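**Q** What follows is a predicted structure for the sequence shown.
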Amino acid sequence: MSNTDDKEIELHGISASPGICIGKAYLVGKEGVDVLEKYFIDQNKLQEEVHRFKAAVKSAKNELHGIIKTMPEDLRQDAHILEAHMVLFEDKMLYGRTLETIEKELVNAEWALKIVVSDVKAMFDNMADSYLRGRAADIIHVSDSIMQNLAGAKVENIAAINKRVILIASDLSPAETSQIQLEKIMGFVTDHGGKTSHTGIIAQTLEIPAVLGTDNATSIIKNDDIIIVDGTAGSVIINPTDQTLIQFEERKERYESHKANITRDSELPAETADGICMEVMGNIELPEEVVSVINYGGDGIGLYRTEFQYLSRPDFPSEYELFDRYKDVVEVMAPKPVTIRTFDLSGDKKVAYVSRSGDANPALGLRGIRYCLQKPDAFMTQLRAVLRASAFGHVRILLPMVSCHEEIIAAKNIFNKATDSLAKEGVDFDENIEIGVMIEVPSAAIMADVMATDVDFFSIGTNDLIQYSLAVDRVNKDVAYLYQPLHPAIIRMIKHVIDVAKDKGVKVLMCGEMASDPINIPILLGLGMENFSMNPQSIPAVKSMIRALTVKDTRPFVQKVLKESSSNAIIELVQDTYGSILSDKFYYLD
Ligand code: PEP
Ligand code: MG
């Protein structure tokens, strides 16, 4: 049934995967799972209740096992996520604490699980890092499947979807996504989740338009409603008028032909119209994403976020496990560079095997290099794995979230121990491996001259640099309007880092998402930036923008930009000067 009044409604969310699709809505519900009551268990029925919980966990595990076994080939890359879920079923935080709650409080298993999960949720909701928050959702997905088994809820058979639809869901677990015949799915819309959630990652990899985190799509959209999903703009239009439909059909066609054009040219070098070659690389989280970097013409991996391999598992990964994954990436990319960032876990409570009480400000807490230095054994293990992989291609090491010079010295001490031990063991590694530092904290940007004395390169992480410089939580929708990459303070800070890098002879790269938006490219070129890294899908557009510009013109242009006092004025200046190139090349964005 369609919306009763059939009025056109527009929803906004996070543009998690670009592109436009128009089709019918298909709602995935979680019937029965939330209708729960608390009741007390007699002492003599306690073992029965414990057994009921254990049986539900067992059935949920069996279901997941069945899903893993029958996963379609194109989603094999997600098998390890689901395998990690198998471990979570018996995680202390979930399994152990639920059993404890049943036994201590003599309450029914559903209630005990609900309480434990809501504690876990509250803990994770305070996390600043959207990527890790996405991984924390794993524990919630696992508990949902136990709950379904406890409550005897009917599990939606999304594997049976046999018509081309736009999937609308509260959230989708990896287990659910992996059951879907993805060729049937035209687009995704969810209430929760963001760009770095599983659905976001899968949608980007498979190039399915997705708008996530709309808050209320499942309560507004009805089955069979006609929907437009504009994954580029992050909007969803329900029951579009004929006029809107025509407008979006045209926009869709423009987007698709634009994409075909720029992707066709993505193998061309990122050379400006006045002959200066830039480097445009890709950011990855999973080894499998290397394929996208290659397909979109990336000049290497500018940022390999290694956190993923540390999550959803009972302990730190071993040197061999890490080495094995790094080696795959390095060999596939060789001779192009692979920049491996050491684990940037944000607050150790997010890792099941290290538990701490909740931090009030996790983004300012024990994360990045601070955490690496507090776990020297785990850090050493990772450095040894990276070094061993360096024998198979071109590897660079990147240190995250550095806020003072001493952290670089301390990290390099551990690095030296790692090289010494490998040398003693006669293991091959690249003795000239470059070490770089993320410039994503204002103190690191201001102290760039000091940082430069001990590193080979800087990588400007604008995602965090903007967050910390402007005091704007990067995942808080309420202050998203203040998250301005073109704020004059950000431009000045970037200028300072580039100037220092040139002066001190260290390379400088930008790996935050600021590098992925064509509108920022004239300013970045004018400031002297020559190396960029971004989500792989954005590589062709950025290369295309670079080819349309001359460094000669962007230099005087930046002088004008530096005189402006607001982000809006700067955007206007870019539009006035480069609007015709932007609208000519990216006119589908109108
Ligand atoms: C950044 O902060 O810009 C960055 C690239 O790191 P992450 O997004 O992983 O925090
Ligand atoms: Mg960062």
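**A** Perfect, thanks for sending it. Ligands and ions are numbered 1, 2, ... in the order given.
**Q** Am I right that residue 416 is in a helix?
**A** Yes: judged by DSSP: H, G, I helix; E, B strand; the rest coil, residue 416 forms part of a helix.
**Q** okay, now it: neighbour count?
**A** Residues lying near residue 416 (other Cβ atoms under 10 Å) number 11. All C-beta spots, glycine's among them, are computed from the backbone N, C-alpha and C.
**Q** Could you check how far residue 43 is from residue 49?
**A** Computed as Cβ to Cβ, to the nearest Å, the residue 43 to residue 49 distance reads 10 Å.
**Q** Equivalent analysis for residue 191, please.
**A** Distance check for residue 191 against residue 49: by Cβ to Cβ, it reads 32 Å.
**Q** ditto for residue 513
**A** Using Cβ to Cβ, residue 513 is found at 48 Å from residue 49.
**Q** Quick one: name the residues of the protein near ligand 1.
**A** When proximity is defined as Cβ under 6 Å from any ligand atom, the chain approaches ligand 1 at 303, 305, 344, 440, 461, 462, 463, 464, 511, 512.
**Q** now do 8 Å
**A** When proximity is defined as Cβ under 8 Å from any ligand atom, the chain approaches ligand 1 at 129, 131, 283, 303, 305, 307, 341, 344, 400-401, 438, 440, 459-465, 467, 511-514.
**Q** filter these down to the ones near ligand 2?
**A** Restricting those to those near ligand 2 by Cβ under 5 Å from the ion leaves 440, 461, 464.
**Q** isn't the second one right up against residue 514?
**A** No: Residue 461 lies out of contact with residue 514 (Cβ atoms under 8 Å); the separation is 9.5 Å.
**Q** Of those two, which one has the most company?
**A** Between residue 461 and residue 514, counted using other Cβ under 10 Å, the more crowded position is residue 461 (29 against 24).
**Q** Got phi/psi on that one?
**A** phi -100, psi 90 (degrees, to the nearest 10).
**Q** separation between it and residue 469?
**A** From residue 461 to residue 469 the distance is 11 Å (Cβ to Cβ).
**Q** Please apply the same query to residue 560.
**A** In this structure, residue 560 and residue 469 are 22 Å apart, going by Cβ to Cβ.
**Q** Which of these two has more residues huddled nearby?
**A** More neighbours surround residue 469 than the other of residue 560 and residue 469, with 18 against 13 (other Cβ under 10 Å).
**Q** Quick check: closest non-adjacent residue to that one.
**A** Nearest in space to residue 469, with sequence neighbours left out and distances taken as Cβ to Cβ, 6 or more residues apart in numbering, is residue 442 at 5.1 Å.
**Q** Now do the domain split for the chain, please.
**A** If you go by automatic domain parsing, the domain ranges for the chain are 9-29+156-239, 43-151, 276-551.
**Q** Okay, now the unreliable bits of the stretch 151-300 of the chain?
**A** Where the stretch 151-300 of the chain drops to pLDDT under 70, the residues are 151-160, 173-176, 178-179, 194-198, 201, 205.
**Q** Point me to the residue of the chain nearest ligand 2.
**A** residue 464 (3.7 Å; Cβ to the ion).
**Q** count of residues packed around that residue?
**A** Neighbours of residue 464 (other Cβ under 10 Å): 24.
**Q** pLDDT score for it?
**A** Residue 464 is assigned a pLDDT of 92 by the prediction.
**Q** Is the closest residue to residue 11 other than its chain neighbours bridged to anything, and to what?
**A** Nearest non-adjacent residue to residue 11, counting by Cβ to Cβ, 6+ apart: residue 236, 4.4 Å away. Beta-bridge pairing of residue 236 under DSSP bridges involves residue 11, residue 229.
**Q** my guess is residue 236 contacts residue 212, does it?
**A** No: Residue 236 is beyond contact range of residue 212, at 10.3 Å (criterion: Cβ under 8 Å).
**Q** Common neighbours of the two, please.
**A** 13, 189 (Cβ atoms under 8 Å, 6 or more residues apart in numbering).
**Q** Now the closest residue to residue 55 other than its chain neighbours, what are its backbone angles?
**A** Spatial nearest neighbour of residue 55, excluding adjacent residues (Cβ to Cβ, 6+ apart): residue 149 at 7.9 Å. Note on residue 149: its backbone torsions stand at phi -70, psi -40 [degrees, to the nearest 10].
**Q** How many residues are close by residue 149?
**A** Residue 149: 21 surrounding residues under other Cβ under 10 Å.
**Q** And residue 551, how far from residue 227?
**A** 44 Å.
**Q** Between the two, which is the more surrounded one?
**A** Set side by side, residue 551 and residue 227 show more neighbours around residue 227, with 26 against 18, by other Cβ under 10 Å.
**Q** For the more buried one, which three-state class applies?
**A** At residue 227, secondary structure determined by three-state DSSP is strand.
**Q** quick one, what contacts it?
**A** Contacts of residue 227 were listed using Cβ under 8 Å, 6+ apart, and they are 22, 23, 24, 25, 166, 168, 187, 189, 221, 236, 237, 238.
**Q** before we move on, which element is the first one in?
**A** I take that to be residue 22. Assigned by DSSP states H and E, residue 22 falls within strand 20-28.
**Q** Measure how that strand sits relative to strand 226-230, angle-wise.
**A** For strand 20-28 against strand 226-230, the angle by axes from the mean of the first three to the mean of the last three Cα atoms, to 10 degrees is 120 degrees.
**Q** Looking at the stretch 151-300 of the chain, which residue is nearest ligand 1?
**A** Going by Cβ to the nearest ligand atom, ligand 1 is nearest to residue 283 of the stretch 151-300 of the chain, at 6.8 Å.
**Q** Is that residue located within a strand, as I assumed?
**A** Yes: counting by three-state DSSP, residue 283 falls inside a strand.
**Q** which residue sits closest to it, ignoring its sequence neighbours?
**A** residue 303 (4.2 Å).
**Q** On the three-state scheme, the one you found is what?
**A** Look at residue 303: counting by three-state DSSP, its state is strand.
**Q** tally of neighbours for it?
**A** If you count neighbours by other Cβ under 10 Å, residue 303 ends up with 26.
**Q** for the stretch 1-150 of the chain, what spans make up the helices?
**A** Along the stretch 1-150 of the chain, the stretches classed as helices by DSSP state H, counting those that start in this stretch are 46-69, 79-88, 97-105, 109-125, 130-151.
**Q** Mean neighbour count, those: which tops it?
**A** Mean neighbours per residue, mean count of other Cβ atoms under 10 Å, is largest over the helices of the stretch 1-150 of the chain for helix 130-151, with a mean of 22.
**Q** Can you identify the element that follows that one toward the C-terminus?
**A** Following helix 130-151 in sequence order, the next helix or strand is strand 165-169 (DSSP H and E).
**Q** For that next one, name the packing helices and strands.
**A** If you count contacts as 3 or more Cβ pairs under 8 Å, 6 or more residues apart in numbering; DSSP states H and E, strand 165-169 packs onto strand 20-28, strand 185-190, helix 217-220, strand 226-230.
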